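Q: return atomic coordinates for the entry below.
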Amino acid sequence: MDKNKIKTSCLINNYNYAEFLSEAIDSALNQTVKFDEIIIVDDASTDNSAEVITKFSQLANVKYILKEKNEGQLSSLNEGFLAATGNIIFFLDADDIYEPQYLETALNFYNTRSECDFLFCAYKKFGAVEETFQADALDLDLGYSVIRTLYSGEWIGSITSTLSMRKEIIRKVLPIPHIEDWRVRADDCLVWGASLVGAKKFYMSKPLVMYRIHQNNQYHNKKFLDIDNNYEYKRFWKRNSLFNYILQKNNFSLPLLLAFTSLNELKTIPCPQVGDFILYLKIIFLFERNLFWKTKGIVFLFSYFLKTLMSGKFKMAINNVKSWINPPYFVPWKKIAR
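A: Now for the predicted structure:
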């Protein structure tokens with residue numbers, strides 16, 4: 001593998017994880033193929049995180065940003081992205097760990113699949129819980145997901161530390177000014193944003209990231225859900241605001257022929273499942289306004305379903321491959337756009 005063709009950046013975001021931070025940084029440093037740069041963003045921690053970070057400051061490929069004000073995870077991702085110079089950017093939460101072969105394996109994946117814009121991998125939970133989360137035993141080409149994300153809010157990705165994407169994709173998403181909306185779960189912005197700007201997504205089946213489970217895991221322990229019973233409702237509106245911002249930033253508009261575009265997007269998935277056909281059928285039925293194209297789109301969809309079934313490319317068994325996807329919210333564009 002000619003690693004010189006691709007420059008890599010690792011963005012580590014941290015807030016009050018001093019007890020785990022050294023381990024995370026070491027895991028990024030000790031890769032079998034080295035990161036060109038590691039950028040640590042500390043979100044004004046009140047523990048001794050700054051002291052931990054400065055211990056690594058003499059290393060040539062380590063940069064750090066010590067923020068003066070705590071503004072949340074999205075703010076840290078914004079800062080890290082603006083400082084990054086890599087062609088592919090990798091994300092790591094300060095309490096998680098990369099396996100030593102992670103970067104080398106991911107770069108091999110990007111090199112052999114030049115169309116890959118966005119990659120996420122299986123992972124292992126460790127700490128308070130130990131198990132492997134492997135959505136599928138095989139690597140998967142998930143195709144494009146602009147329509148399915150825009151019209152159904154589908155979330156195709158995984159936890160922050162498993163994500164990487166090409167810089168030409170992420171610059172269409174970050175920086176995002178709505179930092180108060182995404183003080184936590186800012187990986188939503190990366191996952192949804194990449195879909196909206198036309199990233200082709202892939203899943204890597206090797207579990208090469210270690211996701212630490214501990215008492216301060218807000219999302220895993222559902223702490224913020226316990227505090228705010230209206231969290232999902234508020235997140236729904238934050239998502240709509242995020243979608244509007246990204247679409248306006250990139251001067252995107254709705255497709256004129258939704259049924260036709262939906263079918264073409266479905267065809268970018270090499271081995272679609274039953275759920276994929278059902279989702280696009282719902283989108284065409286609910287949101288295609290032209291009755292002629294709605295009818296024609298549904299007929300074409302069923303025709304493609306039968307053709308795929310006969311070709312042997314269709315995955316009959318509904319396995320765990322969709323378990324990384326959040327429950328969809330079907331919301332007409334007019335509601336999203338307000």
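Q: give the buried residues for stretch 104-112.
A: When burial is assessed from 16 or more other C-beta atoms under 10 Å, stretch 104-112 yields the following buried residues: 104-107, 109-110. Every residue, glycine included, has its C-beta placed from N, CA and C.
Q: so which pair among those residues is furthest apart in space?
A: Among these, the pair separated by the greatest distance (C-beta to C-beta) is 104 and 110, at 11.0 Å.
Q: buried ones in the strand or helix carrying residue 19?
A: In this structure, residue 19 sits in helix 18-29 according to DSSP states H and E. Buried positions in helix 18-29, judged by neighbour count with 16+ other C-beta under 10 Å: 18, 20-21, 24-25, 27-29.
Q: now render these as TSV, adding distance to residue 185 and pLDDT.
A: What follows is the buried residues of helix 18-29, written out as TSV (distance: C-beta to C-beta, whole Å; pLDDT from 0 to 100):
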residue	distance to residue 185	pLDDT
18	22	97
20	19	97
21	20	98
24	19	98
25	23	98
27	23	98
28	22	98
29	27	98
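Q: from the residues you listed, pick the one nearest residue 132.
A: Taking C-beta to C-beta as the measure, residue 132 sits nearest to residue 27 out of those, at 17.5 Å.
Q: right, and the closest one touches residue 101 too?
A: No. With contact defined as C-beta atoms under 8 Å, residue 27 does not count as touching residue 101 (11.2 Å).
Q: do a quick rundown of the helices in the stretch 201-338 of the chain.
A: Using DSSP state H, counting those that start in this stretch, the helices of the stretch 201-338 of the chain run over residues 223-227, 231-249, 258-266, 274-287, 291-311, 333-337.
Q: which strand runs longest in this protein?
A: Longest strand of the chain, by residue count under DSSP state E: strand 201-213.
Q: coming back round to it: closest to residue 10 among the buried residues of helix 18-29?
A: Using C-beta to C-beta, residue 28 is the member of these that sits closest to residue 10, with 4.8 Å.
Q: roughly how far does that closest one sit from residue 11?
A: 10 Å (C-beta to C-beta, to the nearest Å).
Q: which neighbours do these two share?
A: Shared contacts of residue 28 and residue 11 (C-beta atoms under 8 Å, 6 or more residues apart in numbering): residue 92.
Q: list the residues that contact residue 62.
A: With C-beta under 8 Å, 6+ apart, residue 62 has these contacts: 25, 29, 37-38, 40, 56.
Q: closest to the centroid, which residue in the protein?
A: For the chain, the residue sitting closest to the mean C-alpha position, by C-alpha atoms, centre = their mean, is residue 191 at 3.0 Å.
Q: can you spell out which helices and strands pack onto the strand or helix carrying it?
A: Element membership for residue 191 (DSSP H and E) is helix 187-196. Counting contacts by 3 or more C-beta pairs under 8 Å, 6 or more residues apart in numbering; DSSP states H and E, helix 187-196 is packed against helix 73-83, helix 146-152, strand 163-166, helix 167-170, helix 231-249.
Q: could you give the mean pLDDT of the fourth one?
A: Taken as a whole, helix 167-170 has an average pLDDT of 98.
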